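>>> Sequence and predicted structure below; questions after.
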Amino acid sequence: MAGAQSRTDLIRDAILEHVGSHPKDIVRFISERFGVSRQGVSHHVQALIAKGLLEPIGKTKARRYELKLLVNEIFRLPVTPDLQEDVVWRERVQPLIGQVPESVLAICEYGFTEMLNNVISHSEGNTVTVRLGRQGIWITMTVIDYGVGIFEKIQRELHLNDSRHALLELAKGKLTTDQRSHTGEGVFFTSRMFDKFSILSSTLFYSRERTDEDEWLIEAENHDKTTGTMVEMEIKINSPVTVKEVFEKYASGQDDYRFARTHVPIKLAKYEHDQLISRSAARRVLARFDKFQEVILDFQGVETIGQAFADEIFRVFKREHPDIRVYVVNAAPSVESMIQHARQNELAMT
């Protein structure tokens with residue numbers, strides 16, 4: 001019976017996870033995914049409706065299913081020196097989440113308190129809006145401020161030429177405009193703990209999904225400028241991730257939790273239709289690498305790079321920083337070929 005119950009849970013969790021993208025054909029989708037009859041899936045759907053987790057909309061062939069909104073609380077707070085993120089979490093947010101595994105609760109606490117603390121310390125705004133939502137197996141936390149905007153703030157404080165460069169630096173981690181009070185690790189670790197993490201600010205939208213280790217930048221098509229910053233964090237209540245696991249993944253070694261390893265999505269270095277050809281583009285990527293012992297360069301979504309770009313990273317930088325380990329993942333054949341060419345040039349000169 002334990003095995004049957006486990007399979008039941010898997011099927012029902014899958015229904016709740018995928019109904020948003022398959023509102024009209026969820027029965028067929030789950031049937032094909034698990035190799036069970038549509039009648040069997042329909043029984044699971046009806047059970048979820050009875051539990052108040054799913055909601056049927058329409059009749060017969062036009063019927064679709066939606067996650068029922070179990071919690072939808074929104075409140076606004078003044079941003080003052082007296083505002084304390086741990087108090088807001090304990091008194092206003094945690095009670096709304098309900099019963100979830102301790103590991104998921106710990107991730108929610110870490111992410112929420114880090115993002116609210118960023119608002120208090122950096123936004124320069126007067127108010128913050130918090131939303132807590134729960135549907136099916138999903139918990140969603142949203143923090144919105146009405147201040148200067150995270151990317152513009154970083155661009156201004158670090159004297160960068162473009163706000164998209166600020167996004168690349170933010171993705172690397174260890175970036176803060178207030179080194180006395182912050183380590184610059186909050187966004188980096190939060191984005192890797194949650195199943196979905198996004199930032200909308202100015203005309204830039206940054207999103208990361210933990211499931212496929214993907215990161216991307218989307219510029220708003222209409223270029224309407226969003227005031228302030230909106231951060232949204234989503235996690236499944238059955239997420240297997242733990243805070244400790246994420247910290248260990250980017251730590252310098254066993255029993256040493258210093259933030260020493262970073263993962264850099266190279267495509268964030270591309271501006272609009274620009275190609276990664278020049279040494280100046282490579283130097284944007286290389287900025288602040290000296291803060292890490294190990295750097296993982298992720299070339300997913302990058303089809304080609306230039307000889308000068310590769311040479312600057314894999315020959316010049318390596319020669320000047322022999323103690324920093326640089327690894328490459330998800331490189332297309334043409335990219336890998338250019339990297340190998342730069343490395344062979346380095347070997348030929350030694």
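Yep, that arrived. As the structure is a computational prediction, the values presented were derived from the model and not from experiment. Numbers count the residues shown, from 1 in each chain.
>>> Walk me through the domains of this structure.
Using automatic domain parsing, the domain parsing of the chain gives 2-67, 69-244, 260-349.
>>> Which of the ones you listed sits closest to A251?
The closest of those to A251 is domain 260-349. By C-beta to C-beta, the value is 6.3 Å. No exception for glycine: its C-beta is placed from N, CA and C like everyone else's.
>>> What ranges does the stretch 51-200 of the chain have for its strands?
Under the criterion DSSP state E, counting those that start in this stretch, strands of the stretch 51-200 of the chain are mapped to 54-57, 64-67, 69-78, 127-135, 138-145, 196-202.
>>> which neighbours does the longest one have in its sheet, and in what orientation?
So the one you mean is strand 69-78. Strand 69-78 has its sheet partners listed here by DSSP bridges as strand 127-135 (antiparallel).
>>> And the helices in the stretch 251-350 of the chain?
279-286, 307-311, 318-320, 333-349 (DSSP state H, counting those that start in this stretch).
>>> of these, which approaches E294 most closely?
Closest approach to E294 among these (C-beta to C-beta): helix 318-320, 13.3 Å.
>>> pLDDT averaged over that closest one - what is it?
Averaging pLDDT along helix 318-320 gives 93.
>>> What residues of it count as buried?
For helix 318-320, a neighbour-count test (16 or more other C-beta atoms under 10 Å) marks nothing as buried.
>>> Alpha carbons only: can I get stretch 117-136 in PDB?
Provided in PDB are the C-alpha atoms of stretch 117-136 (Å, rounded to 0.1, in the frame of the first residue of the first chain):
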ATOM      1  CA  ASN A 117      16.300  43.700   4.100                       C
ATOM      2  CA  ASN A 118      17.500  44.800   0.600                       C
ATOM      3  CA  VAL A 119      14.400  47.100   0.400                       C
ATOM      4  CA  ILE A 120      15.200  48.600   3.800                       C
ATOM      5  CA  SER A 121      18.800  49.200   3.100                       C
ATOM      6  CA  HIS A 122      19.000  50.000  -0.600                       C
ATOM      7  CA  SER A 123      15.700  50.900  -2.200                       C
ATOM      8  CA  GLU A 124      15.500  54.600  -1.100                       C
ATOM      9  CA  GLY A 125      11.700  54.200  -1.200                       C
ATOM     10  CA  ASN A 126       9.100  55.000   1.500                       C
ATOM     11  CA  THR A 127       6.900  52.000   1.300                       C
ATOM     12  CA  VAL A 128       7.000  48.300   0.500                       C
ATOM     13  CA  THR A 129       4.200  45.900  -0.600                       C
ATOM     14  CA  VAL A 130       4.300  42.300   0.400                       C
ATOM     15  CA  ARG A 131       2.100  39.500  -1.100                       C
ATOM     16  CA  LEU A 132       1.900  35.900   0.100                       C
ATOM     17  CA  GLY A 133       0.000  33.500  -2.200                       C
ATOM     18  CA  ARG A 134      -0.500  29.700  -2.000                       C
ATOM     19  CA  GLN A 135      -2.100  27.500  -4.600                       C
ATOM     20  CA  GLY A 136      -1.900  23.800  -4.700                       C
END
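>>> Next, format the helices of the stretch 251-350 of the chain as a markdown table and append distance to R208.
Listed next are the helices of the stretch 251-350 of the chain as a markdown table, based on distance: least, C-beta to C-beta, whole Å:
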| stretch | distance to R208 |
| --- | --- |
| helix 279-286 | 18 |
| helix 307-311 | 24 |
| helix 318-320 | 28 |
| helix 333-349 | 21 |
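>>> list the contacts for L77?
L77 is in contact with 83, 88, 127-130, counting by C-beta atoms under 8 Å, 6 or more residues apart in numbering.
>>> and if we set it to 6 Å?
L77 is in contact with V128, counting by C-beta atoms under 6 Å, 6 or more residues apart in numbering.
>>> What score does it have for pLDDT?
L77 is given a pLDDT of 97.
>>> For the helices of the stretch 251-350 of the chain, which has the smallest mean pLDDT value?
Going by mean pLDDT, the lowest-scoring of these is helix 333-349, which has a mean of 85.
>>> ok, residues contacting it?
Contact with helix 333-349 is made by 299, 304-305, 310-311, 314-315, as judged by C-beta under 6 Å, 6+ apart.
>>> Tell me the buried residues in it?
335, 338-339, 342.
>>> got it, and stretch 13-31?
14-17, 19, 26-27, 29-31.
>>> Can I get that stretch as CSV, trimmed to CA atoms?
Taking C-alpha atoms only, stretch 13-31 is exported to CSV below (Å, rounded to 0.1, in the frame of the first residue of the first chain):
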residue,chain,number,x,y,z
ASP,A,13,1.5,16.6,-7.2
ALA,A,14,2.2,16.5,-11.0
ILE,A,15,-1.4,17.6,-11.7
LEU,A,16,-1.0,20.5,-9.3
GLU,A,17,2.4,21.4,-10.8
HIS,A,18,1.4,21.3,-14.5
VAL,A,19,-2.3,22.4,-14.5
GLY,A,20,-1.2,26.0,-15.0
SER,A,21,0.4,25.1,-18.4
HIS,A,22,-2.2,22.5,-19.3
PRO,A,23,-5.6,23.8,-18.0
LYS,A,24,-7.6,22.1,-20.7
ASP,A,25,-5.7,18.9,-21.3
ILE,A,26,-4.3,18.1,-17.9
VAL,A,27,-6.0,14.7,-17.9
ARG,A,28,-4.4,13.7,-21.2
PHE,A,29,-1.0,15.2,-20.2
ILE,A,30,-0.8,13.3,-16.9
SER,A,31,-2.1,10.1,-18.5
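>>> Distance from the chain centre to it, please.
Centre-to-centre, stretch 13-31 and its host chain are 24 Å apart (C-alpha atoms, centre = their mean, to the nearest Å).
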